[in-house]
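Q: any chance you can model this:
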Amino acid sequence: MPRIRILQSVAGLDFSWAPGDVVEVDAAVAEAWADGERAELADDDGKENAGAEKAAARSRGGGRSRRAETRAE
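A: Model (predicted):
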């Protein structure tokens with residue numbers, strides 16, 4: 001069975017997935033969900049949290065926050 005890494009939180013009547021979760025699903029579900037925004041196909045390269053970090057960066061706006069501007073008086 002294909003495995004997908006969840007990028008956005010998803011919940012239903014009998015399941016709940018959080019960003020970073022790797023779940024086994026059938027081929028049709030994997031094809032429908034692995035669109036790069038909701039989930040991605042999970043490869044077994046040992047990077048279990050890579051998807052969660054990517055999803056967190058997207059939810060924060062894509063990167064580090066800007067420095068607060070300071071004014072010299």
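
Q: just checking, what packs against the helix or strand harbouring Val29?
A: Counting by DSSP states H and E, the element that carries Val29 is helix 27-33. Helix 27-33 is packed against strand 3-6, with contacts defined by 3 or more CB pairs under 8 Å, 6 or more residues apart in numbering; DSSP states H and E. Bear in mind the C-beta positions are built from the backbone N, C-alpha and C, glycine included.

Q: from the contact counts, what lies against the strand it packs on?
A: Where contact means 3+ CB pairs under 8 Å, 6+ apart, strand 3-6 is packed against strand 22-24, helix 27-33, strand 39-41, helix 50-60.

Q: at 7 Å instead, please
A: Under the contact definition 3 or more CB pairs under 7 Å, 6 or more residues apart in numbering; DSSP states H and E, strand 3-6 sits against strand 22-24, strand 39-41.

Q: now do the buried residues in the helix holding Val29.
A: Residues of helix 27-33 classed as buried by neighbour count (16 or more other CB atoms under 10 Å): Ala30, Trp33.

Q: hey, C-alpha coordinates of it in CSV?
A: C-alpha atoms of helix 27-33 as CSV (Å, rounded to 0.1, in the frame of the first residue of the first chain):
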residue,chain,number,x,y,z
ALA,A,27,-3.7,3.6,-4.4
ALA,A,28,-6.8,5.6,-5.3
VAL,A,29,-6.8,7.6,-2.0
ALA,A,30,-3.0,8.2,-2.4
GLU,A,31,-3.5,9.5,-5.9
ALA,A,32,-6.3,11.9,-4.8
TRP,A,33,-4.6,13.2,-1.7
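
Q: what does it contact?
A: Residues from elsewhere that reach helix 27-33 (CB atoms under 7 Å, 6 or more residues apart in numbering): Pro2, Ile4, Ala39, Leu41.
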